[in-house]
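>>> With the input below, show me the fold.
(one chain, ligands or ions: 2)
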Amino acid sequence: MPDNATAQVIINIPTRKIDKPFSYVIPAHLSAITIGWRVLVPFGNRRVEGFVVGLEIESTQGLKPILEALDNYPWFDNNMLATAKWLSEYYLCSLAEAMRLFIPGQSGIKIQKSYQTPAELDWEHAAILLSKKPAEYRTILTYIYEHGPVTLNNLTKLSSQINPIIKFFLQHKLIITANSINKRGQAASLTVINLAVSREVAADTEKALPKNNTAQRRLLQALLHTQELTTVELRRLAIAPNTVKKMADQGLVTVRNVPVFRNSYAGLNRQAANLSLTAEQLQVLQELIPAIRNERYSSFLLHGVTGSGKTQVYIQAVAEARRLNKQAIVLVPEIALTSQIIARFQAAFDNDIVVIHSKLSVGERYDAWRRLQTGQAGIVIGARSALFAPVNQLGLIIIDEEHEFTYKQEEAPRYHAREVALARAKFAAATVILGSATPSIETYFQALQGRHKLLSMKKRVDDAPMPSVTVVDMRQELAQGRRSVISLPLQDMLTETLAKKEQAIILLNRRGYSTFVLCRECGHVLTCRHCDISLVYHAPSKILRCHYCQEKQAVPDVCPECGSRYIKYFGTGTQKVEEALKGLFPLAKIIRMDQDTTSRKMAHAKILSAFAAGSYDILLGTQMVAKGHDISNVTAVGIISADTALNLPDFRAAEKTFALLTQAAGRAGRGSKTGRVVMQTYNPEHYAIIAGAEHNYSKFYQNEIGFRQQLCYPPYTSLIKITVQSDNELTVHRQASQLAAELTQKLSIADTAIIGPFPASVNKIKDIFRVNILIKTQNLAAITKEIYSMNIVSRNNVIVDIDPVNVL
Ligand SMILES: Nc1ncnc2c1ncn2[C@@H]1O[C@H](COP(=O)(O)OP(=O)(O)OP(=O)(O)O)[C@@H](O)[C@H]1O
Ligand SMILES: [Zn+2]
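Ligands and ions are numbered 1, 2, ... in the order given. Here you go, the predicted structure:
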C-alpha cells in the first residue's frame, strides 16, 4: 500500500485516559483539511468529533478515513493550539480537555440515529409491497423520502404504531439507517435558493418533468416567478430540503447559507464616553500604547486605586488595538456583576463587541465566536471562558480585577485565567494588562521582579478624596452594653446618610452569612448528614439547608445529641441584619442581595440597577455588593464583620480580607460627594484591617510578603494540591497515606516539601470523603513532570490541582 496523507486527530471525548492523537486517512475530497480543523471520525463503533493536531505522510494500512469536516476553515489557529498544549502540560490535563475549552459547548456535534430511503429505491416494487398494508405505510415512506434523514423521534409524531412500520421497511430494504450528525450551535442562517440555469432552460426542464414530480415542479415554477426563495417560503410551498438538494445536484439551482447573527445584549443601556483623560490616565496610556503598537509580547500590572478610572484606560487601549486591526479579549470576574463596564465598552465600540456569559445558549455562543472568527467583531468581553474565544488577530488581553478568585476554574481543567492569558499572549505576541486596586500578592510580586511592568494610578478621578474610614472595635461596643449587630457609629452614619437622601451599602462578610444552629447545653452544632458542614438557618421558610448539597431539614425541637430543648440560632445572617436595620430605620427602603435573592437569571443586575436608579436607600448583602459598582450617590459603606475571613486556616485569609475591605470601602464617595466607611471588627490591630482602613496597599503588601517568605508560601513557592476521594472514610485515608508515601519516595527533588495527608476542611461533601496532600515546591516544572509520569492524573479517585486557590 502506498504512503498517503494522514491526519493526527485528538478525539474529543471527556476522558483523562486517551491522551494521544490517532491517525486517520484524509480522503481526496477533504484534502483541504490541515492542522486546526474540526473533523468527524469513526472511533470504536461511534462517530465522534476530533481536532487535527498534525499531518503526516505514512502508510494508511488499517487506518480509517476522516468522515467529514465540521467547518470549512480551521477552528484552531497556531496560538490557540499552542495555548491548549501549554495548558494541558502545565495543568496536567489531557489535550482533548484543554482543546474543548475552545469549542462552544464542549462538543460541536451530537449524533442521532435516523432513517432515509436508499438512493436506488425501486418505487414500483415498494408499491406492490405496500398494497396490502394500511395507507399510513405509504404516507410514512413518502415522508421519509422527502425529509430524510429523519429521526425516530420525528416519525413517532406521524403514527402511534411506528415501530412495526419501521421494522417492515427495514426488512424489505425500503429504508436504511443513517447516523445524522446534528452540528450543534450552527449560526442561525437563512437558506437562499436561486436558479443556476437560464430561465429558458428552467422552463424547459419544468415541462419535461414526469407528471408525479410535483415538488420539483412547484420549486421551478416558484423560482421562475420570484428569482429567489428562502427556507421560510419553501416550507410554505411544502417543498422538502431533499427536493432542493436533488435539484442542486443536477445543477439546476444554487443553495447559499446567509448567516443571521443574534445579539442578546443589543438592548443594554448605552453610556456616553466622551471624557477627557486625567493626567494619570494619559501617563499610563503613554506606556501602554507603544507596547500595543509594538506587536510583541508584553505584560503590565495596572495598579489604580478604587475610582481612579481604570475602565477608561482599558477602553483607550482597546481602541488602539482596533486601530491596528488587532482584536482584544476583555475578562471580567463575573458577568452578572459587571453590566456597567459592559455598558461603557458598548458606548465606545457598539457592535464591535461580543459578550460571552454562561447564560448564552450553545447557538448564541457559536454565533458570537463566529463573529470574532470572521472579523465581524473585534472585542470579546466575558468571564474566564472568553479567554478561549477564536480571535485570530489577538493583540490585547485585559484582565479587570485580576485579584479575583473567580478567575480560577474549580473543575477540570483547573486553570487560572491569568496564567493562561499570559501564555496565550506570548504565543500571539500580544499585550496583557492586569488591572486592580488590590492586586494579588503573586502578581504584585511578579511586577516588582520585572515580569510585568508596573503602572500606577494613585488618585481618584477629579482628585476626589478617598473615603474616610472609622474602625469600630466590637469588643468595646459590647463592653458598653451594646449588643446590636449595628454599632453606634454605623447607626449614626446611616442616620446622616438617609437624612441627606444619599445611599448606603452594607456588607456582610460571607462567613457571617451562615446562621448555624447550636445546642446551648452540649454545644452540638447541627450538620448535614452528607456533607461535614453546619446547616444554615433560613428565617422566612424556617428550615435548615446545606449550602453544599442543598438538602433541606426542619429544625428539630430537641438537640439530637443530648435531648435538650435549648437550641439556638447563632451567627449573623443577612436576614438578621435586615431585621435590625428595619428596626432602626423603619422608613428606609432596603434591598437585600445574597444567594437567596439572586439565584434567578440576571437577578444581580436587576437589583443593582434598581439601587443605582435610586429606588432603594440601602443595599445589603454578601461580597457581591462590594465589587466594581460605580454609583455616585453612594456615600456610606458599612462593613458588619470585617474580620470573619481572617479566622479561616487559609494562607490567603489576610489577602482576601484586605481586598474585600478595600474594594467595599472603594464603593463610597465616587461622585462629587465625599464618602465614609465604618468597619466593625473584633481584630482592629490586624495589619489587614489597619491597611484596609488606610487604603494602603503597599503597607499591606510589605506585611504580607514577609509572612509568605517566612512560611514558604506563594509567591516564594508553588503549590500543588492532590485530593483523594472515596465514599469510604477508611479507604480514603489509606489511599491518601499510600499516595503520600509514593510521592515522598519519587519526588526527591530539591526544595520540595510534601504536607499531609490531612482531611479537607469540609471533610465530606455529598457523602464523599476528601483527604488532601499539599506539595510546596520551587521546582514546579520538574514536579509536574514527575507527577505526570507517575500516572496519578488518570486515577479516577484523585484530583490534581496546580496553583490551587483553595488549599483547605
Ligand atoms: N477622564 C475622566 N474624566 C471624568 N470622569 C472619569 C474619567 N475617567 C473615568 N471617569 C469616571 O470615574 C468613575 C470611576 O471610574 P472607574 O469605574 O473606571 O474606576 P475604577 O478604577 O475601575 O475603579 P474600581 O477599581 O473601584 O472599579 C466612573 O464613573 C468613570 O466614568
Ligand atoms: Zn449537604
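>>> Mind giving me the packing neighbours of the single longest helix found in the chain?
Secondary structure assigned by DSSP state H gives helix 729-746 as the longest helix of the chain. Counting contacts by 3 or more Cβ pairs under 8 Å, 6 or more residues apart in numbering; DSSP states H and E, helix 729-746 packs against strand 718-726, strand 752-765, strand 768-777. C-betas here are computed from N, CA, C, even on glycine.
>>> can you give me phi and psi for residue 226?
The phi/psi pair for residue 226 (degrees, to the nearest 10) reads phi -120, psi 0.
>>> What number of residues are in the vicinity of residue 316?
Using other Cβ atoms under 10 Å, the number of residues around residue 316 comes to 18.
>>> surely it meets residue 285?
Yes. With contact defined as Cβ atoms under 8 Å, residue 316 reaches residue 285; the gap is 5.4 Å.
>>> so what's in contact with those two at the same time?
Common contact partners of residue 316 and residue 285 (Cβ atoms under 8 Å, 6 or more residues apart in numbering): residue 277.
>>> domains in the protein, as residue ranges please.
Per the record, the chain has its domains at 5-111, 112-183, 197-251, 279-462, 468-515+571-708, 718-802, by automatic domain parsing.
>>> Tell me which of the helices and strands packed on helix 729-746 sits nearest to ligand 1.
strand 718-726 (27.7 Å; Cβ to the nearest ligand atom).
>>> The closest one to strand 752-765, inter-axis angle?
Relative orientation of strand 718-726 and strand 752-765, computed by axes from the mean of the first three to the mean of the last three Cα atoms, to 10 degrees: 40 degrees.
>>> any idea how far residue 763 is from residue 725?
Distance, residue 763 to residue 725, using Cβ to Cβ, to the nearest Å: 11 Å.
>>> ugh, wrong one, I meant residue 458
Distance from residue 458 to residue 725, counting by Cβ to Cβ: 47 Å.
>>> State the helix or strand in which the residue in the stretch 251-400 of the chain positioned nearest to ligand 2 lies.
Here the residue of the stretch 251-400 of the chain nearest ligand 2 is residue 358; by Cβ to the ion that distance is 23.7 Å. Assessed by DSSP states H and E, residue 358 sits outside every helix and strand.
>>> neighbours of it, just the number please.
Residue 358, neighbours per other Cβ under 10 Å, totals 11.
>>> Does it touch residue 335 like I think?
Yes. With contact defined as Cβ under 8 Å, residue 358 reaches residue 335; the gap is 7.3 Å.
>>> intersection of neighbour lists for the two?
residue 383.
>>> And stretch 435-452, what's buried?
By 16 or more other Cβ atoms under 10 Å, the buried positions in stretch 435-452 come out as 435-447, 452.
>>> For residue 432, see how far away residue 387 is.
Counting by Cβ to Cβ, the gap from residue 387 to residue 432 is 11 Å.
>>> So for those two, which residues contact both of them?
397, 421.
>>> how about the closest residue to residue 770 other than its chain neighbours, what does it touch?
Spatial nearest neighbour of residue 770, excluding adjacent residues (Cβ to Cβ, 6 or more residues apart in numbering): residue 760 at 4.0 Å. By Cβ under 8 Å, 6+ apart, the contact list for residue 760 reads 723, 770-772, 808.
>>> which of those are buried?
For these, buried by 16+ other Cβ under 10 Å: 723, 770-772.
>>> any chance of these in a markdown table, with distance to residue 220 and pLDDT too?
As requested, the buried ones among the contacts of residue 760 are exported to a markdown table (distance: Cβ to Cβ, whole Å; pLDDT from 0 to 100):
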| residue | distance to residue 220 | pLDDT |
| --- | --- | --- |
| 723 | 66 | 94 |
| 770 | 68 | 90 |
| 771 | 73 | 92 |
| 772 | 71 | 91 |
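>>> any chance of these in a markdown table, plus distance to residue 590?
Supplementary listing: these in a markdown table, determined by distance: Cβ to Cβ, whole Å:
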| residue | distance to residue 590 |
| --- | --- |
| 723 | 41 |
| 770 | 39 |
| 771 | 44 |
| 772 | 41 |
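>>> after the helix or strand of the chain with the lowest mean pLDDT, next one along is what?
Lowest on mean pLDDT, DSSP states H and E among the helices and strands of the chain sits helix 510-513, with a mean of 46. The first helix or strand that comes after helix 510-513 along the chain, using DSSP H and E, is strand 517-519.
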